[in-house]
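Participant: kindly generate the corresponding structure for this input.
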Amino acid sequence: MAGFLRAKQAGMQNDLSAGIMPATFAPEEQTRYGINSQISCLAYEPTQSLLAVGTNESRFGPGQIYVFGQSRVTKFYHHPSPKSTTLSSSSSTTSYRHLRFVANRLISLDARNELAIWDLDTATQLARYTYPGACALLTDPMLDWALVGLANGDVFAYDLDRERPSPFRIPNLWREGRDPRDLHARSAGLVGMELHPRDIGRLLIAYTHGAVIYSFKQNEPVRFLEYELPAGAPGGNGEGVGVGGVRRPRLTQATWHPSGQYVLTAHEDGSLVFWDVKEGRLVTARSLGDVRVNQPGKGQGKAVQRAPFTKIAWCCKENPDDTALLIAGGHVVGEEEVGMTFLELGPTPIYATSTWEILAAHFEGRRRLTLQTPPGARAVGFCLVPRSSPYFGGAQDPIAIITRLSSGELITLSFPSGYPISPTNMLHPSLSLVHPFVHKIAVSTLDRGRWLGMTETRSRGEMLLKGGAMGAKRRRRYEGRNIIQVAHADSTIRMWDVGHGDEIENPEQLQVDIARALDRYEDVEVTAMDMAETTGEFAAGTAAGELVIYKWGGNNSRAEPSLKEGLQPFVLYEMMRGPVTVVSVSDVGFVAVGSANGGIAILDLRGPAVIYSGSTADFAKLEKKSLFKSHHSGSAGSAKEYAIVIEFGVMTLEGDSYSSIACFVGTNLGHVATFKLLPAAGGYTAKLAGVTASMGDRVVSISPISADTGNQAGATGPVVASLRDGHQVNGILVVATQKEARIFKPVAAKGASKSFDSGGAVCTAAAVAEYELHGFALVAVFTDRTTRAYSIPGLKEIGRKTLSMLDAGRTDATVVTKSGDILGWTGPSELVVIPVWEGSGTGGGNSQDTIVNPDLTMPARPTISNLQWISGTQYVSPTDLDLLIGGPDRPPSKRMLLATAAEERQARIGNAVRGGAAGAGTQEGWGDYLTRQLNERTEKLNIMGDSMDNLEKSSQGWADDVGKYVSKQKRSMLLGGLPRVFMILSNWGWLCVGFRSVAQPDTCNTELPFIVMVG
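Facilitator: Numbers count the residues shown, from 1 in each chain. Sure thing, here's the model as predicted:
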């Protein structure tokens, strides 16, 4: 009965919600955008062109892993419940510390010391194992092993191929290499590990007291590197000036030079120490600002406090000998210009012909650049994006740096210049929500055809993520696309289609830069946004009272230089009456804006011209001002009134015999004002037609709809054009406030109303939503994280559901769309899309995207040079390392089996070409073949020393022959053959004897003698 009475009061004959049953109101999570918690680690895979992101556990959710590819390709990886196979019990929630890509799988090490292997395509965990005290993880793209470093200094190996731990263990070499009575050495802990960039048989282990180079072949340390500052040496922070005694600053990081000839160690006093590996000698030490800080009397004259080093990468160009250092941290605390440091070193001097002074001067660097980070944030880590090579620590020929900031945000910089790279269409929209953080969002339902045509043309560099492939999705469900507008902290606004769980035909993002349009880069904060649904015109207001209106077109002087075609600044309106609180863009060329000081303005873009400029104080001048004043005479009389909701529509207003364009303005004090827009000479005029009595609280939404069909009574081009022919729209307003819903015919009719039975909770978002082929209902979201649907016009509650995934502190930022989708925040930087109608969601499951392209092969790992091999460096192949770590009893790895199959396949092809001799002789099985290969490799490793002895003898024989030849020429010269001999010597110059090394993949080197004559 109450519903029937409300229908009569509202003047509606049709029940617009008759086809919506309570069971059909079933909100279900569809998808999420963003990052659920603070980012803790990053990893990039250049072969597949993928980016992995790990997060910390927080009150907003457990630690999680995301993998992103091109466009919208993504998958997330949840920590499963504990299994009994682990060494110790662990919770299903954790924080991730390290991520690595190996052989198209993902390896993680979390805060609970658990090493895990993930399948990238199925997003399932294949295996896991717990190492108590794990603090470091080392992998290599070509190895089947993960080395896990423990805080006590021990190193363990995990077999990634067999998914089980290995008995191999490296003890704390620093502790064992020192006098057992040295109490200082006993406290040495492990801080990091790194494989030799060219020789996988050598491992650099960084301990708190120094660095050790370990040989897998010899199974022992071959170098100990300990940084000692003599008395009077300033050190990295200058504290040693005038101080007696030897000091040993604590080591924090260590890394190889790309050639493997040098090692860099970083220390807590701010020292960067360069070591010669061959002799274990300190070449030089410096800080970011001073050089030779290990020598008394050098460096700065006063002590300073330096920030700790958070990450150091020894980068190189395509030529690995042309290097530079990228350093996060190490700057003087309190410096105004804070960021990462790029120290260019240039081509490395030839070791054999360089003095120690030349090497020391080289490591002082050619130039130093500061790659700035946003004010108030420091770089706590970074991930380089190499062009193609996964080797050299992922630092060969990088094109960009993805930097992780202390605030939890990301920033992408070009390498090495440090210019900011916009994530628009470079990174997944989820990453853009932390690049930087989001201040405000808005959603508009754009016409599909219009959105498909809104693809901007922008100059941009090489794509950062190119991997993966989009999975199949159901065909598009709606002609209207939900376009989200996201305002970021850097005053940029990005727009993209959040989708309906269906195929997104235009996945591109649009971007506008408000600061550039204003030509003002300080204190620019976006406070309001809106986009027209059919024209795509866009407007954004700022906290300073400026309004920028954008239209689609070619580049102009106020747009970004890189943007050739897209949304361009069209009109700048300086309202200057406090922060802009609301803006609305119609489809027929009108824009309305409200400010915090009560200002209201309506603009006609055909001029452009301001056709109305007034204030909420003008409401008191109407005929019903007595009722309006009585409201203000109460307790709310001292409150300032301002507009917070604006909508355009076309309908027949109360008392009119024609339909007109109307602008409806809702205020924070519960009034709804109606402005009538009528044509005049050469344009339009706007007039305040009336104001409703106060509804007692804040207006949340205004929905102009047709009373006959329930469709929007929007001001669209075809509807406005039909007004010339006398077409009328029987429209009504459905208004939701914080505490009630009201349906009435404007301007000031009472209509029907119903108070929300919310138990203290208030409504924060609402809209009239269509359930396709069923009807319309008012969908609202409340501060108690519930959503409810109400019938129209009866305002009877259809259903009520709890949205437990929403962040209770940000329900006021929730948006309800006209298609019945709820967009809300689950945390500081994660949005969830929740369709309310039955069967619309997907249950929040993972995507069906394909992450790995099996046709892409890993490039060969760099190996030692010919000169290094001649000088005595023993080449160890990945298969040799399998033997050294796994032992002879380890079953053949999958990589070995694939290599064997490839060799057999190649052999069969060769036999067929030679005449089909494949059927003759005895066939060797794969097991026998692998056994023979392992035996041969062991034998070759054991006789490596004998080969070098034979090489020395052969070289000596060549030298003796050359000596005899030279003596013979001398005797000839003394006997009178001077002119002829001089000619021979001048043409030949000198004779060089050596050996050339021919290295084949997974086989030991073979040596061939050769002679080089230089003229």
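Participant: quick one: the strands in the stretch 801-950 of the chain, in order.
Facilitator: Ranges of strands in the stretch 801-950 of the chain, per DSSP state E, counting those that start in this stretch, are 815-816, 821-827, 830-835.
Participant: export these to a markdown table and tack on distance to residue 585?
Facilitator: From N, CA and C alone the C-beta is placed, and that goes for glycine too. Listed next are the strands of the stretch 801-950 of the chain as a markdown table, based on distance: least, CB to CB, whole Å:
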| stretch | distance to residue 585 |
| --- | --- |
| strand 815-816 | 16 |
| strand 821-827 | 19 |
| strand 830-835 | 23 |
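Participant: and the ones you listed as JSON lines, adding mean pLDDT, mean neighbour count and distance to residue 752?
Facilitator: Listed next are the strands of the stretch 801-950 of the chain as JSON lines, based on pLDDT from 0 to 100; neighbours: other CB atoms under 10 Å; distance: least, CB to CB, whole Å:
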{"stretch": "strand 815-816", "mean pLDDT": "97", "mean neighbour count": "23", "distance to residue 752": "21"}
{"stretch": "strand 821-827", "mean pLDDT": "96", "mean neighbour count": "24", "distance to residue 752": "25"}
{"stretch": "strand 830-835", "mean pLDDT": "96", "mean neighbour count": "24", "distance to residue 752": "28"}
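Participant: which helix or strand contains the residue most central in space within the chain?
Facilitator: What sits nearest the mean C-alpha location of the chain, by CA atoms, centre = their mean, is residue 431, with 4.6 Å. Per DSSP states H and E: residue 431 is located in helix 429-432.
Participant: which strands and helices sit next to that helix?
Facilitator: Packed against helix 429-432 by the contact rule (3 or more CB pairs under 8 Å, 6 or more residues apart in numbering; DSSP states H and E) you find strand 31-34, strand 65-68, strand 492-497.
Participant: how about a cut-off of 10 Å?
Facilitator: Under the contact definition 3 or more CB pairs under 10 Å, 6 or more residues apart in numbering; DSSP states H and E, helix 429-432 sits against strand 31-34, strand 50-55, strand 65-68, strand 74-77, strand 410-414, strand 480-488, strand 492-497, strand 830-835.
Participant: show me the contact partners of that helix.
Facilitator: With CB atoms under 10 Å, 6 or more residues apart in numbering as the test, helix 429-432 has contacts from 31-36, 39, 51, 53, 66, 68, 71-72, 74, 76, 402, 410, 412, 422-426, 435, 438, 465, 484, 486, 488, 492, 494, 496-498, 507, 509, 511, 829-831.
Participant: gap between whichever helix or strand comes after it and the chain center?
Facilitator: Next in sequence after helix 429-432, counting helices and strands by DSSP H and E, comes strand 438-447. Averaging C-alpha positions (CA atoms, centre = their mean, to the nearest Å) puts strand 438-447 22 Å from its chain's average.
Participant: next structured bit after strand 438-447?
Facilitator: Sequence order places helix 448-452 as the next helix or strand after strand 438-447, per DSSP H and E.
Participant: quick check: buried residues in that following helix?
Facilitator: Neighbour-count burial for helix 448-452, counted by 16 or more other CB atoms under 10 Å, picks out 448, 450, 451.
Participant: tell me the contacts of the residue lying closest to the first one once chain neighbours are set aside?
Facilitator: Spelled out, it's residue 448. Closest residue to residue 448 apart from its sequence neighbours, by CB to CB, 6 or more residues apart in numbering: residue 479 at 4.8 Å. Taking CB under 10 Å, 6+ apart, we find residue 479 in contact with 445, 446, 447, 448, 449, 819.
Participant: okay, now residue 460: neighbour count?
Facilitator: 11 (other CB atoms under 10 Å).
Participant: how far away is it from residue 294?
Facilitator: 45 Å (CB to CB, to the nearest Å).
Participant: CSV for the helices and strands packed on helix 429-432, including distance to residue 162?
Facilitator: CSV is the format used below for the helices and strands packed on helix 429-432 (distance: least, CB to CB, whole Å):
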stretch, distance to residue 162
strand 31-34, 35
strand 50-55, 23
strand 65-68, 23
strand 74-77, 22
strand 410-414, 36
strand 480-488, 46
strand 492-497, 44
strand 830-835, 37
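Participant: and of these, who's closest to residue 170?
Facilitator: Proximity to residue 170 (CB to CB) singles out strand 50-55 among those, at 26.2 Å.
Participant: got the angle for that closest one vs strand 821-827?
Facilitator: If you take axes from the mean of the first three to the mean of the last three CA atoms, to 10 degrees, strand 50-55 sits at 60 degrees to strand 821-827.
Participant: so how far is strand 50-55 off the chain centroid?
Facilitator: In terms of CA atoms, centre = their mean, the centre of strand 50-55 is set 7 Å apart from its chain centre.
Participant: what angle do strand 830-835 and that strand make with each other?
Facilitator: Interaxial angle, strand 50-55 versus strand 830-835 (the same axes, to 10 degrees): 100 degrees.
Participant: tell me which stretches of the stretch 151-300 of the chain form helices.
Facilitator: 173-176, 183-186 (DSSP state H, counting those that start in this stretch).
Participant: which one of those is the most hemmed in?
Facilitator: Most buried of the helices of the stretch 151-300 of the chain by mean neighbour count (mean count of other CB atoms under 10 Å) is helix 173-176; its value is a mean of 21.
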